[in-house]
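Colleague: What shape does this take:
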Amino acid sequence: MRLDRLLLSAAAALCLGGAVQAEELKFANFTPPFHTINASVIEKLNADLSAATNGALTVRGYHGGELGAGPVEQYVRVLQGVADMGWGLPGYTSSQFGKTMIAELPGAIPADKPGYEALWAAFDKELAGEFPGTKPLALWTSEPNIMIMKDKVIRTPDDLKGLKIRVAGATAADVATALGATPVQMPINQVYNALQTGLIDGVFTGASTLVDFKLDEVADALILGAPLGRLTFYTVMTGSKYDSLPADQKAAIDKVSGMELSKSAEDAWLVTADKAMEAARADAKNTVVDLSEEEIAAFAKAVAPVVGAYVASVGGEAALAAMRGQ
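Modeller: Residues are numbered from 1 along each chain as shown. Take a look at the predicted model:
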């Protein structure tokens, strides 16, 4: 083969290699791939980011703690670059996310206001400092918390006195304490065994966990209507990784994250919760209690002091006002 043809072939190969070369961003997921997070955030990020960069950036989920076990350590894994992206609950490291967790308090956000809108409304001025070293890609809240119990049917705050209730973080612990229960903080992936063995009597969390963590298999009583707040979630990216990308790729990440990705996650949580409750009501083994207005009022009275006390403890008055759109 002539030298000029060899040079042309080599140049073509280099161009082709550059065209198809893609960078894969690692997304740490401590839950199984059937969890709601996968389709609503991980797969959506992959599809949208790949399309926005013509395949230059893709996202791959590493599920079931493949990049390191333990939900509590997710933020640190992203911060240290073990993963490029990851998701978690602020409640697992409550002291870091004091103001962010205001969104979890009963009545902090109006019932008809999406949680993701409230969180982003407060982010720039009030919450950004709680996410050091990372770029938040999504912030959202769950469906309203309910009581998921084993062998206990709850209708009044007195029914909770002395019971061990799993909570995700400090705000829910304050709520449980105000209701006379003993809060037990643990990651959600430990709740199944804790309920099954009697280590706890119940859990304050969203109905989506009945499916996402199979709590429907070990719980038999569901109490709806009490003002127990909701959970908050984040998806973050390693800040140094984001900063190292070329401008067009950073712009693509900006485009596919933020409000749009947060809405995808929150909407998916609500859909999962609705389907879970529909199945739970159809299961004869379950006792499902829809509290009356009078019963709800008794719970509301018991937890009323919690919001003001918590907000004051974290200096979160401005954050709460921003979340409420005030």
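
Colleague: ranges for the strands of this protein?
Modeller: 23-28, 57-62, 85-88, 134-141, 146-149, 164-167, 182-185, 202-205, 221-224, 232-238, 287-290 (DSSP state E).

Colleague: which outside residues touch the first one?
Modeller: Same thing as strand 23-28. Strand 23-28 is contacted by residues 42, 45, 49, 56-62, 65-68, 74, 77-78, 82-87, 237, 241 when judged by Cβ atoms under 8 Å, 6 or more residues apart in numbering. The C-beta positions use only the backbone N, C-alpha and C, and glycine is treated the same way.

Colleague: circling back to that earlier point, out of the strands of the chain, which is closest to residue 260?
Modeller: For residue 260, the closest of the strands of the chain is strand 134-141, at 8.8 Å, according to Cβ to Cβ.

Colleague: gap between that closest one and the chain center?
Modeller: Its chain's C-alpha centre and that of strand 134-141 lie 9 Å apart, by Cα atoms, centre = their mean, to the nearest Å.

Colleague: CA-only coordinates of it in CSV, if you can.
Modeller: Only the C-alpha atoms of strand 134-141 are listed here, as CSV (Å, rounded to 0.1, in the frame of the first residue of the first chain):
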residue,chain,number,x,y,z
THR,A,134,-20.8,18.6,44.5
LYS,A,135,-23.1,19.8,41.9
PRO,A,136,-26.7,19.0,42.8
LEU,A,137,-28.6,17.6,39.8
ALA,A,138,-32.0,17.0,41.4
LEU,A,139,-33.8,17.8,44.6
TRP,A,140,-37.2,16.4,45.4
THR,A,141,-39.6,15.1,48.1
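
Colleague: any idea of the pLDDT on the residue lying closest to residue 108 once chain neighbours are set aside?
Modeller: Among residues not flanking residue 108 along the chain, residue 102 sits closest, at 5.5 Å (Cβ to Cβ, 6 or more residues apart in numbering). Note for residue 102: predicted pLDDT of 98.

Colleague: closest to residue 325 out of the strands of the chain?
Modeller: Among the strands of the chain, strand 134-141 comes nearest to residue 325, with 15.2 Å by Cβ to Cβ.

Colleague: for the closest one, which positions count as buried?
Modeller: 134-141 (16 or more other Cβ atoms under 10 Å).

Colleague: again, but for stretch 307-319
Modeller: Result for stretch 307-319 [16+ other Cβ under 10 Å]: buried residues 307, 310-311, 314, 316, 319.

Colleague: how about the helices of this protein, start to end?
Modeller: 3-20, 36-37, 43-52, 74-79, 115-122, 170-178, 191-197, 209-212, 239-244, 247-256, 259-282, 293-313, 317-323 (DSSP state H).

Colleague: Mind putting those into TSV with distance to residue 218 and mean pLDDT?
Modeller: Shown next, in TSV, are these (distance: least, Cβ to Cβ, whole Å; pLDDT from 0 to 100):
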stretch	distance to residue 218	mean pLDDT
helix 3-20	48	43
helix 36-37	19	98
helix 43-52	29	98
helix 74-79	24	96
helix 115-122	27	98
helix 170-178	19	97
helix 191-197	4	98
helix 209-212	10	97
helix 239-244	39	98
helix 247-256	37	98
helix 259-282	13	98
helix 293-313	24	97
helix 317-323	34	98
